[in-house]
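Visitor: Structure for the following, please:
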Amino acid sequence: MNDGTVRDTVGAFLRGALRHNDLADEDDVFALGLISSMFAMELVEFVEREFGIAVESEDLEMENFQSIAAITRLVAAKSAVAGAARGMVS
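Guide: Sure thing, here's the model as predicted:
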């Protein structure tokens, strides 16, 4: 999955769930007060389920989830690591 697709998927999820249609890719959802701690966990679950990655405890940093762009970068990094690991096993 390319970064554009990830960004679009994450953006659609956040804009719909937060009812904030004008949310830009770099908008900090925490600074804007749009995310509760309960929704933060829902967001982590969405990312894991939607993109087939495991979000580890060291990934649970606010900067990894503060914006659509940050989540896109996290997914790209986790996907690259997973892909490299699969390549080493093959």
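
Visitor: what about residue 26, distance to residue 68?
Guide: As judged by CB to CB, to the nearest Å, residue 26 and residue 68 stand 8 Å apart. In this view, the C-beta of every residue, glycine as well, is placed from N, C-alpha and C.

Visitor: between those two, who's got more neighbours?
Guide: Counted by other CB atoms under 10 Å, residue 26 and residue 68 do not tie: residue 68 has more neighbours, with 24 against 10.

Visitor: does that one really touch residue 6, like I thought?
Guide: No. Contact between residue 68 and residue 6 fails when scored by CB atoms under 8 Å: they sit 9.2 Å apart.

Visitor: Lowest-scoring secondary structure element of the chain by mean pLDDT?
Guide: Ranked by mean pLDDT, DSSP states H and E, the helix or strand of the chain with the weakest confidence is helix 68-89, at a mean of 82.

Visitor: before we move on, what SS does residue 27 have?
Guide: Classification of residue 27 by DSSP: H, G, I helix; E, B strand; the rest coil places it in coil.
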